[in-house]
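Q: Show me the folded form of this:
(2 chains)
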Amino acid sequence: MGEITFSIDGLKIKANEGDTILMAALEHGIYIPHLCYHPDLKPFGGCRLCMIEIEGRGLTISCKTPVEEGVRVTTENPEINKARRIAAELIIANHYSECLQCARNTDCRLQDIATYIGIEEGRLQRLKRTVRDLPIDDSNPFFYRDPNKCVLCGICVRTCEEINGVGAIDFAFRGFATKISTLKDKPITESTCESCGECVDRCPTAALARKGSERPAREVKTICPYCGTGCGIYLGVRGDRVLSARGDRRNPVNDGQLCAKGRFAYDFVNHPDRLTTPLIKRNGTFVEASWDEALDLVAAEFKEGQEKYGPEALGGLSSARATNEDNYLFQKLLRSLGTNSVDHCARL
Amino acid sequence: MPDKTVLVCQGTGCVSAGAEQIHISLEREIAQLGLGGDVQVKRTGCHGFCQQGPLAVVEPEGIFCTRVKVEDTPDIAQSLLSQKKPPERLFYRDPLTGKVIPHYRDIAFYSRQQRTVLKNCGYIDPEEIDDYLAVGGYEALRQTLLEMSPEEVIDTVKRSGLRGLGGGGFPTGRKWESCRNTAGAEKYVVCNADEGDPGAFQDRSVLEGDCHSVLEGMIIAGYAVGAKLGYIYVRAEYPLAVKRLEIAIAQAREKGFLGKNILGNDFDFDIEIFQGAGAFVCGESTALVLSLEGKRGMPKPLPRPRTTQVGLWDKPTLLNNVKTFASIRWIITQGADWFAGRGTKKSKGTAIFSLTGKTANCGLIEVPMGISLREIVFDIGGGIPGGKAFKAVQTGGPSGGCLPAELLDTPVDFDSLTDAGAMMGSGGMVVVDEDTCMVDLARYFLDFTQKESCGQCSLCVLGTLQMLDILNSITEGRGRPEDIDLLMELGEAIKMGSICGLGQTAPNPVITTIRYFREEYEAHIYERKCPARVCKDLISYRILPDKCKACMICLRECPVQAITGGKKQIHVIDQDGCTRCGVCLSVCPERFSAVECIPGRLDNTLHSA
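A: Below you'll find the predicted structure:
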């Protein structure tokens, strides 16, 4: 892929052929306001905020315009600023304004835009507040869908379609009634949604937000323990509590993507019902035991069975939760006991 | 051959007024008089003069019977027997002179038109392909396939100067050429019949009255660009058009104009009908294509390839309007020069308008490009009825603009209308008189586009919402001094920043009414008056004491008991209780005319003083 040189606001920029102007600008730390652009998705061009001017050619949107050798791009002029300011004001007048009570406070793309534009209270007051009081869909155990915070950027729709191929949601209705909807406007749990949360991860506001808005004190880079795929994951931790999980975008296994379990099912770590010691069934009830007791019992039972019925009578069922290495050792163990009867829950 | 033919209009307008019964009854009457062999009764498509319907025309004389009822059919049949004219009560009466005009050709509504695309609408039976063949139908296709190469067809269309009916009036020949020159084994031809503008019905009339002409244009286009399949994207709200298209397609297949090896040539083409779900935005080309693919119709933002390069199923696609396709046969048979000889330098041929509103004559008209708005409104339209004054004409539907009396001499062509702030667009033309409030009119059109916005660009969906809210408050008497500037600011931003033609033109009615009728906005905002006496919150009714005869009628009819008085006691309206419904004005006997509606709000103290 060739290298292209062009300029943004007089600054010389190098970019890869095929990149869009917005991609190149962001890559070089130049912020152009945008709401519907996401690097993982095909450009949409709906929010109209990333408008730029190419010298000699006029206005265009930077998220859909590819870089070209030698072109001179300006990100501001009176005409662009006027339309961009009005576009931003319209969205803000139509948006929930209690930022401090919002799960995405300080991590919100609309706040970025408002900050960039520099909201003038007097101008904003000329507009009617158009926020509605639409019902919040909290049917999903992991996330909320709050249409009152939706900016109709379509990122969730494209994520569901382009990343996961599920297509559980789409734009529906017309005019001001337009919203992101499931088929027949049912709760998300009654749709084909698989709760992967990829859309929640990409939503620029809190229209899609995970339940539980506490933020972690630190993040720990690790590998998801749920299955053998080995997705890179960052667990958000505060003290001994896990508060969040997000995909590691630099991990080649998953490129930042996660499934429903990896992204949301970390509650078990701190769950009171979680087993922390082995249990041995005595007289029909499980009784807590030490690891030594438990392992001794297993060894004794194996031995007894082996002697009584022959080694072929033994079998082992392994778990998808175990790593490849653990599974390898497990089959080694079974074979050392003289049996080839090894299976794995993922095969069932 | 029968000596006479009675053409009974079966367009949607006339059908809804009982034209089917009239046809049946007329046939029966004629049979009873034993005229069956001499007189043919024929169903036709729309004659365009829907306001006068149901219509029946007696040919060959061209006698034009208006507002025909089933009861009139014996008289019409009798007249045919006695070789006399039908009774005078059925003739058209000139609204200005009161003169009775029996012949079609003498009626100003028709005589000033130049009906080309609409020529056969109203003369042929749209459900009979033989009728179409009898007027030279499919001759253009024959000529194309037997004598012309695709390049020659495209060259002819280019030379004709035919332009499309999208906002920009893109040259049709260049579009065809672009589609032909795009490589691809599979290409499509799509006819845009998603006519969604309030007040426009030209596509419907052509599809109902002369659908084969559209099919013929599409087949020729298919040959020219190298496509094998065409789609007609037609509104599901046009059931009669859909039915006639289905019949026409079946007949064309039967006659070998559609299907394999058309007219013995190595050329296959077929047409399918796709019914749209009634979204206005699906008239935009990229949204229409998405809708055809079964997806939600949302326009694709620029930069993007043209539909002629990447269209339906990502294949090169030629998309033209009904009228554009219907013009093709005339260009082929009469020649590019003939077509280019009509109209103006840059806008060739004819324009079709759905003339509605406050004109004496309303209906579908076809006029040469370059005709002035004045000629349309006052000659063809017969002026404003009731002695009222002309105020404005809105062309191009909700995307167009309102032009005032000063601009009545504007020539009707693509560029002049655009320069004046309006557009050719869908061909809607709404005439309004002094009784129309321009703020209210702008509000009406904006309300339509607001509801039809697809919702993807915030400027369009939220911007028009804010504008509509401002217009609502102005018409409700809550206008603020800064509102006019804010409307202009929002309007300009929406026009500049929106993705598609819907958003880019939605503010036009507001911007043009502010430009040409600013004083009306100011009267609403500063004086709290609606000069046209339309906006209920900015008008008052009062009873003129010197004219009131204390007859008690208004007092009894007032739905909110806001009128006080009694026998021999002059009536007075309680301005606080009055809801300005206007019942008092409408029930006050004309000989008294004691109630008047005035701009602005009265209060009880002022009134009594």
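
Q: Name the nearest residue to residue A:119, sequence neighbours excluded.
A: residue A:92 (6.8 Å; C-beta to C-beta, 6 or more residues apart in numbering or on different chains). Placement of C-beta: from N, CA and C, glycine included.

Q: Please list all residues in contact with residue A:164.
A: A:194, A:196, A:198 (C-beta atoms under 8 Å, 6 or more residues apart in numbering or on different chains).

Q: Centre-most residue in the chain?
A: You didn't say which chain, so I picked chain A. residue A:201 (2.8 Å; C-alpha atoms, centre = their mean).

Q: Correction: the question concerned chain B.
A: residue B:200 (2.2 Å).

Q: okay, that one: pLDDT?
A: Residue B:200 carries a pLDDT value of 88.

Q: With residue B:95 instead?
A: For residue B:95, the model assigns a pLDDT of 82.

Q: Helix, strand, or coil at it?
A: coil (DSSP: H, G, I helix; E, B strand; the rest coil).

Q: give me the number of residues near it?
A: 18 (other C-beta atoms under 10 Å in any protein chain shown).

Q: Please, which helix or strand holds the residue nearest to the centre of chain A?
A: helix A:198-202 (DSSP states H and E).

Q: and whichever residue of the stretch 351-500 of chain B sits closest to chain A, what is it in contact with?
A: Closest approach between the stretch 351-500 of chain B and chain A, counting by C-beta to the nearest C-beta: residue B:455, at 2.7 Å. The contact partners of residue B:455, by C-beta under 8 Å, 6+ apart, come to A:152, A:171, A:173-176, A:178-179, B:298, B:461.

Q: For it, which non-adjacent residue is closest in space?
A: With sequence-adjacent residues excluded and distances taken as C-beta to C-beta, 6+ apart, residue B:455 is closest to residue A:178, at 2.7 Å.

Q: Pull the number of nearby residues for the one you found.
A: 18.

Q: And residue A:158, by the same measure?
A: By other C-beta under 10 Å, the residues close to residue A:158 number 19.

Q: And the helix or strand containing it, what does it pack against?
A: In this structure, residue A:158 sits in helix A:155-158 according to DSSP H and E. Helices and strands touching helix A:155-158, as assessed by 3 or more C-beta pairs under 8 Å, 6 or more residues apart in numbering or on different chains; DSSP states H and E, comprise strand A:169-172, helix A:198-202.

Q: Might you enumerate the residues of the stretch 1-150 of chain A proximal to chain B?
A: Proximity of the stretch 1-150 of chain A to chain B (C-beta under 8 Å from any C-beta of the partner chain) is limited to residues A:44-48, A:51, A:59-61, A:64-65, A:79, A:82-84, A:86-87, A:90-91, A:93-94, A:126-128, A:130.

Q: Sitting in helices, which of these do you find?
A: A:79, A:82-84, A:86-87, A:90-91, A:93 (DSSP state H).

Q: Could you dump those residues into a markdown table and include neighbour count and pLDDT?
A: Output for those, formatted as a markdown table (neighbours: other C-beta atoms under 10 Å in any protein chain shown; pLDDT from 0 to 100):
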| residue | neighbour count | pLDDT |
| --- | --- | --- |
| A:79 | 16 | 94 |
| A:82 | 15 | 94 |
| A:83 | 23 | 94 |
| A:84 | 25 | 96 |
| A:86 | 27 | 96 |
| A:87 | 28 | 96 |
| A:90 | 24 | 96 |
| A:91 | 23 | 96 |
| A:93 | 19 | 96 |
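
Q: which residues sit in contact with the closest residue to residue B:105 other than its chain neighbours?
A: Nearest non-adjacent residue to residue B:105, counting by C-beta to C-beta, 6+ apart: residue B:62, 5.7 Å away. Listed by C-beta under 8 Å, 6+ apart, the contact partners of residue B:62 are B:103-105.

Q: Can you name the residues that contact residue 281?
A: No chain specified, so I'll use chain A. Neighbours of residue A:281 in contact, by C-beta under 8 Å, 6+ apart: residue A:287.

Q: sorry, should have said chain B
A: Going by C-beta under 8 Å, 6+ apart, residue B:281 touches A:174, B:287, B:297-299, B:452-454, B:500, B:502.

Q: any weak-confidence spans in chain B?
A: Counting by pLDDT under 70, the ranges of chain B that qualify are B:1, B:606-609.
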